[in-house]
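J.: coords below, sequence missing:
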DNA sequence: GAGCACTGC
């Protein structure tokens, strides 16, 4: 291939990188979870290090702004130190006096834990006392002693259920707010409401440049037009990163998979030391590029090239031990090439990356509010994402980023990604808001309001499940209880019904297992033996009972990691399922749902599943495909379902529909059509297709 | 017959 590159642009340090900070360097999974080492003699040097961070110069101004404004938006560029330092400035200035707490939210668990660890270390404190964290399944904080508390944004929303005004907090800092995760957005809307009742509550919104004004306008309660009465101010803190040269292709690339391989080989031949990180959209592309690179590097070795290539895949579905390989150091004679999905954009940081290749696309979840069907679509990345990807190459030294698209096309990309709130099924959000006392969700102050049709779909589903009444009010006790579960409402309903079906023990396991992705692992090199082992767990009733089998076998085999490996099962996933199961059990006991086993009878279990998932039913069409009962949509059983290899049952319920190349049903079980009429008479009635009312569907 | 970005409670 002729040299497709031309240098188009020089990326000035800190002008383009969205607000990531010091903590990111500590986010790599390999570095997380260790004990905190405290060296009492290091306090002076820690103090000096703290003063060297770019944010230190702004210390007094930040404190001044917080005295004068209810909300402060801080544009903190990568490496400025905001996440670790600002909470300490607040503590030192007395914001955590009189039993008050400074709270800092993070979108991800690892980040909450690692930043908390770093801050505790800087203060010479034991994690869990003065400095602590709270994430699901792991509360390392002290109700009395903790002054700075790191938590996931989802956890903050949960805390509001117990303490609607968040009275114990004097200041809340929402870190990485520009990521606009679902829970950050929920928290933002709720905090604005809380601020109207609690004038003393201060907010710090840490965001990227692009969104700063949107946040300020949202939180500015001043309607007088007089700027001196503004309640929100903005401050920008420069970052500390290395420059990244950005290159574009001269003309559009017809095949970015091939172009990725060619670019890697070009870098390998022409450039000095430094690892490569390539972004692609999915598992299949990643594996294809890895195998092509392996082939190419063999040819290179044969031709006598001294420097070797080591291509490694990285995506969430990869077994844990395989994921860890990307963090391993390689000898100087080897160049590491990590081929990753979007997981490497924010969730993990790989040290030593100098060269980044960006295919320009991303796989995103989308939601169709008309059909209530979610899909995974490959879409062009946003400019913000592209900058974030490029920035992954400038963390240790100056880097280079190769974009597999033209500069002209870059200019046409959307500035930022559509917030999750606008591309998701809102039923869990609406239920949560109702439980927090937001009666009129249509008038809730959303930073980015979701489509009205999505709200309507959510309200209809919650009504059908009995969580809301005809007036849209939360029902007692059902709706309130459903909201307490960390699950989508259908699962919550199924669990709450499981006592009366006499199968709560099985249902709680099934609900927990369904929260885990990739229970079955299939390494590309061992697909056949893996499939053989997996088939042993499969039952004709479908995926729910198959997952029950897997979990019960896991417990029977003393939760052994060795056993999981032999059976190609995701050990970490099963451990997580056990933790989820325990949490769900606690909630069921709280609501006095009796502990009962179906004693091997599959029918009650399936009926109980129908009591939660009746709206997700489909029947087999003579074409061989399924059709939804809701709106006659054509669907296919996903190849990962055990029913894919079985004789297709006439009627099924499913957990979700995912649109990729076709509409696929995921997590499917066989049912009897009569159960639908019996268990959801308000939703279904027996009849003919010609007649029909609006609400009830004809079975 | 043929396929699942990523978090989080």
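T.: Nice, thanks for sending it over. The model shown is predicted, which means the values in this text are computed figures rather than measured ones. Numbering: from 1, shown residues only, chains lettered A, B, ... in the order given.

J.: Do you have the helices of the stretch 1-150 of chain A handy? List them.
T.: Taking DSSP state H, counting those that start in this stretch, the helices of the stretch 1-150 of chain A run over residues A:43-52, A:59-68, A:82-92, A:109-122.

J.: Give me the distance from the first one to the chain's centre.
T.: The chain centre lies 34 Å from the centre of helix A:43-52; the measure is Cα atoms, centre = their mean, to the nearest Å.

J.: how big is the angle separating that helix from helix A:109-122?
T.: Helix A:43-52 and helix A:109-122 are oriented at 120 degrees to each other (axes from the mean of the first three to the mean of the last three Cα atoms, to 10 degrees).

J.: what's the angle from helix A:43-52 to helix A:82-92?
T.: 110 degrees.

J.: With the longest one instead?
T.: Taking the same axes, to 10 degrees, helix A:109-122 and helix A:82-92 form an angle of 50 degrees between their directions.

J.: care to break chain A down by domain?
T.: A:22-237, A:242-420, A:425-484, A:489-606, A:614-698 (automatic domain parsing).

J.: For the stretch 401-550 of chain A, which residues are neighbours of DNA strand B?
T.: Within reach of DNA strand B by Cβ under 7 Å from any atom of the strand, the stretch 401-550 of chain A has these residues: A:428, A:486, A:487, A:515, A:517, A:518, A:522. For the C-beta atoms, the positions are set from N, CA and C on the backbone; glycine is no exception.

J.: Next up, the contacts around residue A:105.
T.: A:112, A:150-153, A:155-156, A:172-175, A:184, A:187 (Cβ atoms under 8 Å, 6 or more residues apart in numbering).

J.: what would those residues look like in TSV with secondary structure and neighbour count?
T.: Formatted as TSV, the contacts of residue A:105 follow (DSSP: H, G, I helix; E, B strand; the rest coil; neighbours: other Cβ atoms under 10 Å):
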residue	secondary structure	neighbour count
A:112	helix	26
A:150	strand	34
A:151	strand	24
A:152	strand	24
A:153	helix	25
A:155	helix	22
A:156	helix	25
A:172	strand	24
A:173	strand	25
A:174	strand	24
A:175	coil	30
A:184	helix	28
A:187	helix	25
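
J.: Close to DNA strand B as well: tell me which of those qualify.
T.: Restricting these to those touching DNA strand B (Cβ under 7 Å from any atom of the strand) yields A:152, A:155.

J.: Let me know the closest of the contacts of residue A:105 to residue A:195.
T.: Ranked by distance to residue A:195 (Cβ to Cβ), the contacts of residue A:105 are led by residue A:172 at 9.9 Å.

J.: Next one, pLDDT for the nearest residue to that closest one once chain neighbours are set aside please.
T.: Excluding its sequence neighbours, the residue lying closest to residue A:172 (Cβ to Cβ, 6 or more residues apart in numbering) is residue A:103, at 4.6 Å. Note on residue A:103: pLDDT of 98.

J.: burial of residue A:103, as a residue count?
T.: By the criterion of other Cβ atoms under 10 Å, residue A:103 has 23 neighbours.

J.: do you know how far it is from DNA strand B?
T.: To DNA strand B, residue A:103 is 14 Å away according to Cβ to the nearest atom of the strand, to the nearest Å.

J.: Likewise for residue A:585?
T.: Counting by Cβ to the nearest atom of the strand, the gap from residue A:585 to DNA strand B is 15 Å.

J.: Counting neighbours, what do you get for that residue?
T.: By other Cβ under 10 Å, the residues close to residue A:585 number 18.

J.: Reformat the helices of the stretch 1-150 of chain A as a markdown table; add mean pLDDT.
T.: Formatted as a markdown table, the helices of the stretch 1-150 of chain A follow (pLDDT from 0 to 100):
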| stretch | mean pLDDT |
| --- | --- |
| helix A:43-52 | 83 |
| helix A:59-68 | 95 |
| helix A:82-92 | 96 |
| helix A:109-122 | 96 |
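
J.: who wins for proximity to residue A:630 among those?
T.: Nearest to residue A:630 among the helices of the stretch 1-150 of chain A is helix A:109-122; the distance by Cβ to Cβ comes to 35.1 Å.

J.: returning to what we had before: wouldn't the residue nearest to residue A:172 be in contact with residue A:171 here?
T.: Yes: shown here, residue A:103 and residue A:171 form a contact pair, counting by Cβ atoms under 8 Å, at 7.2 Å.

J.: want to throw the residues of the stretch 401-550 of chain A next to DNA strand B into CSV with neighbour count?
T.: Conversion of those to CSV gives the following (neighbours: other Cβ atoms under 10 Å):
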residue, neighbour count
A:428, 23
A:486, 15
A:487, 22
A:515, 17
A:517, 10
A:518, 17
A:522, 18
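
J.: for the nearest residue to residue A:181 once chain neighbours are set aside, what are its contacts?
T.: Residue nearest to residue A:181 in three dimensions, not counting chain neighbours: residue A:107, with 4.6 Å by Cβ to Cβ, 6+ apart. Neighbouring residues of residue A:107 by Cβ under 8 Å, 6+ apart: A:152, A:153, A:175, A:176, A:179, A:181, A:183, A:184, A:346.

J.: same question, residue A:571
T.: Listed by Cβ under 8 Å, 6+ apart, the contact partners of residue A:571 are A:320, A:561, A:564, A:565.

J.: Compare those residues and tell me which is most surrounded.
T.: residue A:564 (23 neighbours).

J.: any idea how far the nearest residue to that residue once chain neighbours are set aside is from residue A:343?
T.: Leaving aside its chain neighbours, residue A:564 sits nearest to residue A:571 (3.9 Å; criterion: Cβ to Cβ, 6+ apart). Remark: distance between residue A:571 and residue A:343 (Cβ to Cβ, to the nearest Å) = 19 Å.

J.: Closest to DNA strand B out of the residues of the stretch 401-550 of chain A next to DNA strand B?
T.: residue A:486 (3.3 Å; Cβ to the nearest atom of the strand).

J.: neighbouring contacts of stretch A:534-548?
T.: A:506, A:509-510, A:513-514, A:519-520, A:522, A:549-550, A:553, A:567-568, A:602, A:605-606, A:609, A:641-643, A:645-647, A:649, A:652, A:667-670.

J.: Distance of the nearest residue to residue A:504 once chain neighbours are set aside relative to DNA strand B?
T.: Leaving aside its chain neighbours, residue A:504 sits nearest to residue A:498 (4.0 Å; criterion: Cβ to Cβ, 6+ apart). Applying Cβ to the nearest atom of the strand, the value for residue A:498 to DNA strand B is 18 Å.

J.: Fine by me, thanks again.
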